[in-house]
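Novice: Quick check, what structure comes out for this input:
(2 chains)
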Amino acid sequence: MTLHPILAALRKHKAGVVLISLQIALTLAIVCNAVFIIGQRVERVNRPTGLDENDLFLVSQQWVGAPSSDDPAGVEKLDVMQKEDLAALRNLPDVASVTPSNSVPLLNSSWTGSVSIKPGQQLGDKSGTRTAYYFTDEQVLATLGLHLVAGRAFTAADVQHQGARDQRDRPVIIVTQALADKLFPQGSAVGKVIYSDGSSSPSTIIGVVARLQIPSTGSWGNDFAWYSTLVPTRLDSSYARYVVRAKPGRRDAAMHAVPAALYAVNPMRVLDDDESVKSFADIRASAYRADVGMAILMGVVCLILLCVTAAGIVGLTSFWVGQRHRQIGVRRALGARKIDILHYFQIENLLIAGVGVVLGVLLAVGLNMWLMTHYEMTRIPLLYVATGVLAMLAIGQAAVFVPARRASNVPPVEATRAA
Amino acid sequence: MFGYYLDLALRSLRRNKALTALMVLAIALGIGASMTTLTVLHVLSGDPLPERSSTLYYPQVDPRDSAGHDSDKEPMEQVSWTDGMNLLQAKRADRQALMTGGTVAIQPTQSALDPFYEDARFATADFFPMFGVPFQYGHGWSAADDDSSARLVVISSKLNDKLFGGKDSTGQMLRLEGTALRIVGVLGDWRPNPHFYDLNVTNYAESEGVYMPLSTSQDLQLAHDGSVDCWGNGGAGPRPDHSATCVWLQFWVQLDSPAQAAVYKEFLVHYSQEQKALGRFQRPPNVRLRNLMGWLDYQMVVPGDVRLQVWLAFGFLLVCLVNTVGLMLAKFMRRAGELGVRRALGASRRALFAQLLVEAGVIGLSGGIGGLLLAFLGLWLVRQQPASYAALAHLDPGMLLTTFLLALGASLLAGLLPAWRACQITPALQLKSN
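Specialist: Numbering: from 1, shown residues only, chains lettered A, B, ... in the order given. Down below sits the predicted model:
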């Protein structure tokens, strides 16, 4: 079959052809970019924090009428209170381990600072980088489920405590592999010395964990999302957070037991059920709620868009089939087989869709470039565009099949009837 | 004549039910999606205080040291305690208020209620008159109360409902963080959107439950809640030190005329020079004085995702419209024979055009009504979302009208090209070919 008769026929329906190509082009452009956004969001949501998140939950509580953390006596009293809480939680039957921590990944409440390999450096110095601190104790690795890849874990002897506002030396720290590689690209970081927050007192890296995300999921933290530092220090203030690992499968039971256990230690505190005892699954869900919502919305819009476009192709082709009833009959009478008629409409659609996708690829790339200048987007990989093109052509063929088959079933006798 | 055209249109639409349904549905989906997202954008980018926003300004100064200095950089987004107090006491504006946020534990005296957290605002006296905060009972506090760190609070009507069943609670005591404070006022209905005066709390947060003098909050060592940005060797936890090189307070001023604003900006420059001379500031004066809406713009308060959704929805509407134009064109062209007969019998092009536009209008109107219903459904869905702005997503009369005009305009636009094309047919040719 030659293309000539198809092109000649299309020339008679210029407006219709232009419109359907345009629709295919716009659909391709929007769907490619939307699917790309979905892909980015899904990737973001699925990145592992480095924790073993099952059976993990967080307790955030505040004492009422607690001593001030600004004077040394108050700090000591607060530390005793915190240790009592920790002991009570560790004694619960369903609890495997507990560690105090100022935050956990995805909580979006963070203490950030800077570390450098040189003493007394300001933030922004080239040899250093930003980091997020986790102030915690010797049970942190077991509780969070972190993998130590080099060096040793904290011991009870490493653990200090300080008022939340005090500045104190941090003689030993554990860093993530990502931070170690950043600070010491030439090799092992264990035993090396770094300086935090522009201080001139050294901190020795005693261990390296494989991966630990910072608490912030906001875009401002993207540059140092994996640069976490663990400090073996309990922070003392009227507010305290405890990370609890329940025994396997006992998380809900353990969460349920926590308020009573803490109230038994000291009733003068604020602990409300919804917010104060939160499973890590809930923390993860609330951190990524907007991303998941956006991905679902984009997905739904893409699906509807594809359906509308497919329906449009079906509708338009049906019209053309109806309009050319007599001509199809004539062709059949002159010897064309059913398959020839089917192929005619399929090739016609392929031509139209072909023009549409070429235009669509240009639009998709243009739209992506526009989005990059206005929103946080990266360049769309060609794979997305290529997949989109194939999908669009396939949808076109699928949509055209039903009306094309109807056309192929037009009997040759139609040729003799008046239109 | 219109009645006749309408009848013709309905007959023609009935002949192809599936196609008609497809066209109506496509327009409805497009309109529904666009209006839902546009309404959310409209709600989010609204003016929190329409009567006052033009006279409210947010002064910024740059107290940082010279490390990392770059003359293009914006000054800091909040003020330090020292600068805040200096600017407050300078009293160069018509009204000025220094404030920060916090979270306080409330211990209800009623035994039925467990202690709970409440968001608090630590502010100076002008906060209430400057922002035009309505009072249900009582009043705010005075500058003298600020000076004496008076143990008093103002509470929101929501908190008043929770603790006192909505009765006038002024004069009663409220226990928070182990201290009893006298309630002097209960706010009326007040929820500016966005939460412009402190965007470190979620942008569309509800207003706080507890308001108290800043000085009192510092006396009681209440924890600050919000962003702390430090430079040099400053470091701060929940209770920033007053001498720390950290910014953690918001300072707002009311300046009733643009001339005053210009004068105030001069004052900020002089202040920066003076502080530099004293050795506190190290950078050349770098000040900003944005008014309320300018500040919201600068802070890019409207979430990027919401803007992206609006673009997505309008792209969607465009595809739906192109789809409808294509289908309508095919449909009208197929009726060339019928239209040719009408032309031959004496109908003018104009009359045919009107007839076809009526048909397009019927589709558009049905699509518009469908779209409106879908927009209501869409906004209902938005309200079920946990986002902080979800509860605000409602269609106001203006947006309702916009929806309707958009639907009608879109469908007439969609009908224009097909109708015009169909009118161009030559009657003789059509009649002959039949």
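Novice: Tell me the bridge partners for B:Tyr57.
Specialist: B:Val253, B:Asn291 (DSSP bridges).
Novice: I figured it was touching B:Leu289, is that so?
Specialist: Yes. Using C-beta atoms under 8 Å, B:Tyr57 is in contact with B:Leu289, at 5.3 Å. Just so you know, the C-beta spots here come from the backbone N, C-alpha and C atoms, and that holds for glycine as well.
Novice: Tell me the spacing between the residue in the stretch 151-300 of chain B that chain A sits nearest to and A:Val140.
Specialist: Closest contact between the stretch 151-300 of chain B and chain A, by C-beta to the nearest C-beta, is at B:Gly178 (3.2 Å). From B:Gly178 across to A:Val140, the span is 31 Å (C-beta to C-beta, to the nearest Å).
Novice: of these two, who's got more company?
Specialist: Neighbour count, other C-beta atoms under 10 Å in any protein chain shown: between B:Gly178 and A:Val140, A:Val140 has more, with 25 against 14.
Novice: how about the nearest residue to the more buried one, chain neighbours excluded?
Specialist: A:Thr99 (4.6 Å; C-beta to C-beta, 6 or more residues apart in numbering or on different chains).
Novice: May I ask you to confirm that that neighbour is in contact with A:Tyr242?
Specialist: Yes. Using C-beta under 8 Å, A:Thr99 makes contact with A:Tyr242 at a distance of 7.2 Å.
Novice: ok so, going back, what sits up against the host helix or strand of the residue nearest to A:Val140?
Specialist: Per DSSP states H and E: A:Thr99 is located in strand A:95-100. Residues from elsewhere that reach strand A:95-100 (C-beta atoms under 8 Å, 6 or more residues apart in numbering or on different chains): A:55, A:82, A:86, A:89-90, A:135-137, A:139-140, A:142-144, A:234-235, A:240-247, A:254.
Novice: Just give me how far it sits from the chain centre.
Specialist: Relative to its chain's centre, strand A:95-100 lies at 28 Å (C-alpha atoms, centre = their mean, to the nearest Å).
Novice: could you point out which element follows it?
Specialist: Past strand A:95-100, the next helix or strand by DSSP H and E is strand A:112-116.
Novice: and the longest helix for the chain?
Specialist: By default, I'm working from chain A. Ordering each helix of chain A by length in residues (DSSP state H) puts helix A:338-374 first.
Novice: ah, I was thinking of chain B
Specialist: The single longest helix within chain B, with elements called by DSSP H, is helix B:349-384.
Novice: That one - what's its average pLDDT?
Specialist: Averaging pLDDT along helix B:349-384 gives 86.
Novice: Show me what counts as buried in that helix.
Specialist: Going by neighbour count (16 or more other C-beta atoms under 10 Å in any protein chain shown), the buried part of helix B:349-384 is B:352-372, B:374-376, B:378-379, B:382.
Novice: nearest residue to the closest residue to chain B within the stretch 1-150 of chain A other than its sequence neighbours?
Specialist: Residue nearest to chain B within the stretch 1-150 of chain A: A:Gly65 (3.2 Å; C-beta to the nearest C-beta). Leaving out its chain neighbours, the residue that sits closest to A:Gly65 by C-beta to C-beta, 6+ apart is B:Gly178, at 3.2 Å.
Novice: Surely that neighbour and A:Val64 touch.
Specialist: Yes. With contact defined as C-beta under 8 Å, B:Gly178 reaches A:Val64; the gap is 5.7 Å.
Novice: what touches both of these two?
Specialist: B:Gln107.
Novice: Would you enumerate the residues in contact with A:Asn108?
Specialist: Contacts of A:Asn108 were listed using C-beta under 8 Å, 6+ apart, and they are A:215-218, A:287.
Novice: can you pull out the helices in chain B?
Specialist: For chain B, applying DSSP H gives helices covering B:2-15, B:17-44, B:81-90, B:127-131, B:143-147, B:157-164, B:214-219, B:258-277, B:292-298, B:304-334, B:336-344, B:349-384, B:397-423, B:427-433.
Novice: Kindly reformat these as CSV and extend each row with distance to A:Leu334.
Specialist: What follows is those, written out as CSV (distance: least, C-beta to C-beta, whole Å):
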stretch, distance to A:Leu334
helix B:2-15, 31
helix B:17-44, 31
helix B:81-90, 91
helix B:127-131, 84
helix B:143-147, 98
helix B:157-164, 82
helix B:214-219, 93
helix B:258-277, 83
helix B:292-298, 69
helix B:304-334, 24
helix B:336-344, 25
helix B:349-384, 36
helix B:397-423, 31
helix B:427-433, 20
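Novice: So for A:His13, which of these sits nearest?
Specialist: Nearest to A:His13, of all the helices of chain B, is helix B:304-334, at 7.9 Å by C-beta to C-beta.
Novice: touching chain A at all, that closest one?
Specialist: Yes. Helix B:304-334 comes into contact with chain A (C-beta under 8 Å from any C-beta of the partner chain), by way of B:304-305, B:307-309, B:312-313, B:315-316, B:318-320, B:322-323, B:325-327, B:329-331, B:333-334.
Novice: Give me the angle between that helix and helix B:349-384.
Specialist: Per axes from the mean of the first three to the mean of the last three C-alpha atoms, to 10 degrees, the angle that helix B:304-334 makes with helix B:349-384 is 150 degrees.
Novice: Okay, buried residues for helix B:304-334 please.
Specialist: With burial defined by 16+ other C-beta under 10 Å, the residues of helix B:304-334 counted as buried are B:305-313, B:315-334.
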